[in-house]
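*Asks:* next input, structure requested:
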Amino acid sequence: MNDSNIDYDLVIAGGGMVGSALACALGDTDLRIALLEGMPLARVRPDAEADIRVSAISRASQRIFAAVGVWDAMVAWRVSPFREMRVWDATGSGQIHFDSADIGEPLLGWIIENRVIQFALLERVGQLSAVELLCPVVLESAQRVADHHWCVRLNDGRELTTRLLVGADGAQSMVRRLAEIATAGWDYGQKAVVANVATAEPHQETAWQRFLPTGPLAFLPLHDGRCSIVWSTSPQQADALLAMDEQAFRAALGEAFGWRLGAIVAIGARGAFPLRLQHSQHYVKPGLALIGDAAHVVHPLAGQGVNLGLLDAATLAEVIVDATASGQDFASWKTLRRYERWRKGDNLLMLAVMDGFKRLFGTSLPPVALIRTIGLNLTDAAGPLKNRIARQAMGLAGDLPRLARAAG
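*Replies:* Residues are numbered from 1 along each chain as shown. Okay, the predicted model is just below:
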């Protein structure tokens, strides 16, 4: 199936969490793979101080990491399990509590720094003979040649040819733009303020989220007893929060969180990023596929973005492996459509659910607040329904790719 005139079977643009996961998932095959990463490895390597960008990793994502041989490396750095999740409404009495013990599981998931995930994956890439890591480089242009392969030009002047070009290069994907794949979506008119904070009371290995009229505020447990916060709010308030001195920010944060974990006693560096919903009209073209944020961007209120992307990577890897094993062209539109059909519906559903939650909790109108209160409390009281929601979010249900399924 290999063509000796083509440099690579796959070129993966983007060595972040999703792109590097795809490279690892295909690393034991006979395919020739190039992984392009724009950041030097020295800058990816985790620092002693925890990264302010973290991800809530589902059980399905953890299985993917274990299957491709990187989970132990992440644990050796630092991972933070969470066993419960508590969600409540700031403008009403509605609340819901998820407990892993209620569904017979040891935990709900893990909070892991993005750098820990990416570095562990890139270290694994370096051990795989099938994958060549080109770093630091970025894709500058790409052209489809004779409906047969892509010619890719990098910012250092090199040119590569590949049978399959994979865009794992984020929400502003160059691959998507060069392929002229349109997107639909909108800005939320929000920014997420992120930081690591110490609280007077322990986080109890619990993920906490309070819905404020301006957006959700999450406290996520870290390995050292601190919490990673994700505070979604208006751009104006976000800018004001970033400009505050430490004492003023601690007071504002504690009040917004209702002092649920006592006083905020220390904060680290702060940052912010804009929030939007975005979905690509297509995930695939002949010889091209989009995964992760290049295909879809979701509101972070339930922490599902990276989990969706990792399922994309595992699914695309499975489609490629199965096509190769059966002698089919893994880069053909027909083959790649299997990946698109498998993932697009689930991704669209998650985008719609997260958007609905954002809008439902983003208003303080009394009738809506009453509906929220009733809905949260009824769901909390309905054990089977609540447990089904938890299992779905954890990646314990649904049409999962092989790498994300439980052994046996």
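*Asks:* so what does whichever strand or helix holds residue 255 touch, helix or strand wise?
*Replies:* With secondary structure defined by DSSP states H and E, residue 255 is part of helix 246-256. Other elements packing on helix 246-256 under the criterion 3 or more C-beta pairs under 8 Å, 6 or more residues apart in numbering; DSSP states H and E are strand 227-233, strand 264-280. No exception for glycine: its C-beta is placed from N, CA and C like everyone else's.
*Asks:* name the helices or strands packed onto the longest one?
*Replies:* Right, the one you point to is strand 264-280. Other helices and strands packing on strand 264-280, by 3+ C-beta pairs under 8 Å, 6+ apart, are strand 183-199, helix 235-243, helix 246-256, strand 296-297, helix 333-361.
*Asks:* list the buried residues in the third one.
*Replies:* Buried residues in helix 246-256, defined by neighbour count with 16 or more other C-beta atoms under 10 Å: 249-250, 252-254, 256.
*Asks:* ok, residues contacting it?
*Replies:* Contact partners of helix 246-256, identified using C-beta atoms under 8 Å, 6 or more residues apart in numbering, comprise 197, 210, 212, 217, 229, 231, 241, 244, 263-267, 270.
*Asks:* centre of the chain versus that helix, how much separation?
*Replies:* The gap between the average C-alpha position of helix 246-256 and the chain average comes to 28 Å, counting by C-alpha atoms, centre = their mean, to the nearest Å.
*Asks:* so where do the helices sit in the stretch 301-408 of the chain?
*Replies:* For the stretch 301-408 of the chain, the helices defined by DSSP state H, counting those that start in this stretch occupy 305-325, 333-361, 366-381, 383-394.
*Asks:* lowest average pLDDT across these?
*Replies:* Across the helices of the stretch 301-408 of the chain, helix 366-381 has the smallest mean pLDDT, namely a mean of 58.
*Asks:* what sits closest to the residue nearest the centre of the chain if chain neighbours are left out?
*Replies:* Using C-alpha atoms, centre = their mean, the residue of the chain that lies closest to the mean C-alpha position is residue 306, 1.2 Å off. Nearest residue to residue 306 in three dimensions, chain neighbours excluded: residue 55, at 4.4 Å (C-beta to C-beta, 6 or more residues apart in numbering).
*Asks:* residue contacts, that neighbour?
*Replies:* Residues in contact with residue 55 (C-beta under 8 Å, 6+ apart) are 17, 111-114, 117, 303, 305-307.
*Asks:* are any of the residues you listed buried, and which?
*Replies:* Applying 16+ other C-beta under 10 Å to the contacts of residue 55, the neighbour count classes 17, 111-114, 117, 303, 305-307 as buried.
*Asks:* wait, residue 206 touches residue 81, no?
*Replies:* No. Here residue 206 does not reach residue 81: they are 10.4 Å apart, not a contact under C-beta atoms under 8 Å.
*Asks:* compare these two (neighbour count), which wins?
*Replies:* Neighbours were tallied for residue 206 and for residue 81 using other C-beta atoms under 10 Å; the higher tally belongs to residue 206 (21 against 16).
*Asks:* what is that one paired to in the beta sheet?
*Replies:* Beta-bridge partners for residue 206, by DSSP bridges, are residue 84.
*Asks:* and for residue 264?
*Replies:* The partner residues for residue 264, given DSSP bridges, come to residue 199.
*Asks:* distance check, it against residue 249.
*Replies:* Computed as C-beta to C-beta, to the nearest Å, the residue 264 to residue 249 distance reads 8 Å.
*Asks:* one more: residue 229?
*Replies:* Where residue 249 is concerned, residue 229 sits at a distance of 10 Å (C-beta to C-beta).
*Asks:* same question for residue 10.
*Replies:* Summarising the geometry, the distance separating residue 10 from residue 249, computed by C-beta to C-beta, is 45 Å.
*Asks:* flag the shaky bits of the stretch 151-300 of the chain, pLDDT-wise.
*Replies:* The stretch 151-300 of the chain contains no residues with pLDDT under 70.
*Asks:* helices or strands up against the helix or strand where residue 88 lies?
*Replies:* Assigned by DSSP H and E, residue 88 belongs to strand 84-89. Under the contact criterion of 3+ C-beta pairs under 8 Å, 6+ apart, the helices and strands touching strand 84-89 comprise strand 95-99, strand 206-212, helix 366-381.
*Asks:* do that again at 6 Å, thanks
*Replies:* Counting contacts by 3 or more C-beta pairs under 6 Å, 6 or more residues apart in numbering; DSSP states H and E, the secondary-structure elements packed against strand 84-89 are strand 95-99, strand 206-212.
*Asks:* where do the domain boundaries of this protein fall?
*Replies:* When the chain is parsed into structural domains using automatic domain parsing, the resulting residue ranges are 8-81+111-185+277-401, 188-275.
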